[in-house]
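Participant: below is the structure, and that's it, no one-letter string:
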């Protein structure tokens, strides 16, 4: 999908999210339940109107960011070489946030929505899809594994993002399995989210050192 079509489709999701929030607004309690714990119980509230509109506003903010980034990228780090992938990532992210927004509003309205399943499964799906595309990211400042070593070397960038892609796919599948098995321990969930990034950063350093080396230090400088 081209970036232009993805951007238009993403904007449509933003409009629908606002329309849904306004439709369900009269029946929502005040304050609105806006945060749910790992087990699905409510542990945070936000007064109206922000409690009802926080999800659509986040969607709008992310849409603006994705619309803006291609115009902000400096030379040598442009997003155009993988604009079709970029558009797909934008639409997937907005689509999943739209699902979370609708599910959250329905749960806040007292509907029997299994938030404890919807949230981690949605994040897991995002990780799986993102991981499948990471190997196609060209060097840029916004998407992918961005470390000093990946940004300094095209080869380190490509190999690190390929590895990161596989790790993100595995992490996404792990999140989905944990949700289905009703694993709600925060430590397990946080570890699943952090390990792919930490391993990828360390790998980029080791790989850069192996390929490019480091200049000798000059004690007298």
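Facilitator: Cool, the structure landed. Just so we're clear, the structure is a prediction, and the values are computed from it rather than from any experiment. Numbers count the residues shown, from 1 in each chain.

Participant: CA only for contacts and neighbour counts going forward, please
Facilitator: OK.

Participant: for this structure, what spans make up the helices?
Facilitator: Assignment of helices within the chain using DSSP state H yields the ranges 3-24, 50-72, 83-108, 115-134, 148-152, 154-180, 186-211.

Participant: which helices and strands does the third one pack with?
Facilitator: Helix 83-108 sits against helix 3-24, strand 32-36, helix 50-72, helix 115-134, with contacts defined as 3 or more Cα pairs under 8 Å, 6 or more residues apart in numbering; DSSP states H and E.

Participant: what do you get if the cut-off is 10 Å, keeping everything else the same?
Facilitator: With contacts defined as 3 or more Cα pairs under 10 Å, 6 or more residues apart in numbering; DSSP states H and E, helix 83-108 has these neighbours: helix 3-24, strand 32-36, strand 42-46, helix 50-72, helix 115-134.

Participant: cool, and the last one?
Facilitator: Helices and strands touching helix 186-211, by 3+ Cα pairs under 10 Å, 6+ apart, are helix 115-134, helix 148-152, helix 154-180.

Participant: in a markdown table, list the ones you listed along with mean pLDDT and mean neighbour count.
Facilitator: Shown next, in a markdown table, are the helices and strands packed on helix 186-211 (pLDDT from 0 to 100; neighbours: other Cα atoms under 10 Å):
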| stretch | mean pLDDT | mean neighbour count |
| --- | --- | --- |
| helix 115-134 | 92 | 21 |
| helix 148-152 | 93 | 18 |
| helix 154-180 | 94 | 22 |
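
Participant: related to what we said a few turns ago, just so I know, which of the helices and strands packed on helix 83-108 lies nearest residue 193?
Facilitator: Residue 193 lies closest to helix 115-134 among the helices and strands packed on helix 83-108, at 9.2 Å (Cα to Cα).

Participant: what angle do that closest one and strand 42-46 make?
Facilitator: Angle between the axes of helix 115-134 and strand 42-46 is 80 degrees (criterion: axes from the mean of the first three to the mean of the last three Cα atoms, to 10 degrees).

Participant: out of the helices of the chain, which is closest to residue 36?
Facilitator: Nearest to residue 36, of these and by Cα to Cα, is helix 115-134 at 7.5 Å.

Participant: if we can go back for a sec, so can I have CSV of the helices of the chain showing distance to residue 43?
Facilitator: Shown next, in CSV, are these (distance: least, Cα to Cα, whole Å):
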stretch, distance to residue 43
helix 3-24, 21
helix 50-72, 13
helix 83-108, 12
helix 115-134, 13
helix 148-152, 39
helix 154-180, 19
helix 186-211, 15
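
Participant: among the helices and strands packed on helix 186-211, which comes closest to residue 75?
Facilitator: Comparing the helices and strands packed on helix 186-211 by Cα to Cα, helix 148-152 comes nearest, at 13.2 Å.

Participant: so how far is the closest one off the chain centroid?
Facilitator: In this view, helix 148-152 has its centroid 22 Å away from the chain centroid, taken as Cα atoms, centre = their mean, to the nearest Å.

Participant: what do you get for stretch 51-60?
Facilitator: Centroid displacement of stretch 51-60 relative to its chain, using Cα atoms, centre = their mean, is 16 Å.
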